[in-house]
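Asks: fold the following, please.
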Amino acid sequence: MTDNAAAPPARFPRGRRTGPSVLTALLVLVVAASACYLAVLRALNRTGGGVDPAVVSRHLSGTRWDAPEVLIVGIVVAAVGFLLVLVAMLPASRHLVELTNPDSRTAAAMPPRSLRRTVQSAALEVDGISTARARIGRRRIRLDLGTGLRHTGGLTGTADTAATRRLVALDLSRPRTIAAHLSRKDI
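Replies: A predicted model of the protein is given here:
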């Protein structure tokens, strides 16, 4: 028998860190490819397209540690490294809309795209509404409606009520308000 009070709260997944991962992978790939290229050239006793390791070695051995070029390169490398570490350590933003769940051991969420489609379809079910476009915000959902009717009395309120009813049925953990706007379109 398990104790529900001792169960840890459910966690929602975080977004992926594809940008920093790709940047780091490209950086490692460039360094590794350069090392392989120079190693193959060295094994074949050839010098590569403008890069002679002996000349580079002589130039670097003659460079002083307090030279401005060394300081600039060091600052750039340190800044890039610090930026990559910082981005890797900070959590990614959530790309999900959390739903209320009475069971604390499970988590329920949906993508904002699905929430947008749900609200739009609820508005399109109202007679007289021909187009619906929803924009999801943190606290508000803007619903832009289109109709071909000349007399639109009460149509905005009806569509707003239908969308709100569908939104309440989803039971979001952070409720959002719907702001419906109607524009007349000639069909």
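Asks: mind listing the strands for this structure?
Replies: Shown for the chain, the strands assigned by DSSP state E span residues 97-99, 108-110, 129-136, 140-147, 177-184.
Asks: export these to JSON lines and tack on distance to Val76, mean pLDDT and mean neighbour count?
Replies: All C-beta atoms are positioned from the backbone trio N, CA, C, and that covers glycine. As requested, the strands of the chain are exported to JSON lines (distance: least, Cβ to Cβ, whole Å; pLDDT from 0 to 100; neighbours: other Cβ atoms under 10 Å):
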{"stretch": "strand 97-99", "distance to Val76": "40", "mean pLDDT": "80", "mean neighbour count": "17"}
{"stretch": "strand 108-110", "distance to Val76": "40", "mean pLDDT": "82", "mean neighbour count": "16"}
{"stretch": "strand 129-136", "distance to Val76": "40", "mean pLDDT": "93", "mean neighbour count": "17"}
{"stretch": "strand 140-147", "distance to Val76": "43", "mean pLDDT": "93", "mean neighbour count": "19"}
{"stretch": "strand 177-184", "distance to Val76": "47", "mean pLDDT": "89", "mean neighbour count": "16"}
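Asks: format those as JSON lines; extra columns: distance to Thr158.
Replies: Listed next are the strands of the chain as JSON lines, based on distance: least, Cβ to Cβ, whole Å:
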{"stretch": "strand 97-99", "distance to Thr158": "25"}
{"stretch": "strand 108-110", "distance to Thr158": "25"}
{"stretch": "strand 129-136", "distance to Thr158": "8"}
{"stretch": "strand 140-147", "distance to Thr158": "10"}
{"stretch": "strand 177-184", "distance to Thr158": "9"}
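Asks: of those strands, which approaches Gly157 most closely?
Replies: Across the strands of the chain, Gly157 has its closest neighbour in strand 177-184 (8.0 Å, Cβ to Cβ).
Asks: show me what that closest one is packed against.
Replies: strand 140-147, helix 155-170 (3 or more Cβ pairs under 8 Å, 6 or more residues apart in numbering; DSSP states H and E).
Asks: of those, which is nearest Ala108?
Replies: Closest approach to Ala108 among the helices and strands packed on strand 177-184 (Cβ to Cβ): helix 155-170, 9.8 Å.
Asks: buried ones in the closest one?
Replies: Leu155, Thr156, Thr158, Ala159, Asp160, Thr161, Ala162, Ala163, Thr164, Arg166, Leu167, Leu170 (16 or more other Cβ atoms under 10 Å).
Asks: export it as PDB, just CAs?
Replies: Extracted as PDB, the C-alpha positions of helix 155-170 are listed here (Å, rounded to 0.1, in the frame of the first residue of the first chain):
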ATOM      1  CA  LEU A 155     -22.400  36.800 -32.200                       C
ATOM      2  CA  THR A 156     -19.200  37.900 -30.400                       C
ATOM      3  CA  GLY A 157     -20.700  37.000 -27.000                       C
ATOM      4  CA  THR A 158     -21.900  33.600 -28.200                       C
ATOM      5  CA  ALA A 159     -18.500  32.700 -29.700                       C
ATOM      6  CA  ASP A 160     -16.800  34.000 -26.500                       C
ATOM      7  CA  THR A 161     -19.100  31.900 -24.300                       C
ATOM      8  CA  ALA A 162     -18.500  28.800 -26.500                       C
ATOM      9  CA  ALA A 163     -14.700  29.200 -26.300                       C
ATOM     10  CA  THR A 164     -14.800  30.000 -22.600                       C
ATOM     11  CA  ARG A 165     -16.900  26.900 -21.900                       C
ATOM     12  CA  ARG A 166     -14.400  24.700 -23.800                       C
ATOM     13  CA  LEU A 167     -11.500  26.400 -21.900                       C
ATOM     14  CA  VAL A 168     -13.200  25.700 -18.600                       C
ATOM     15  CA  ALA A 169     -13.700  22.100 -19.500                       C
ATOM     16  CA  LEU A 170      -9.900  21.800 -20.000                       C
END
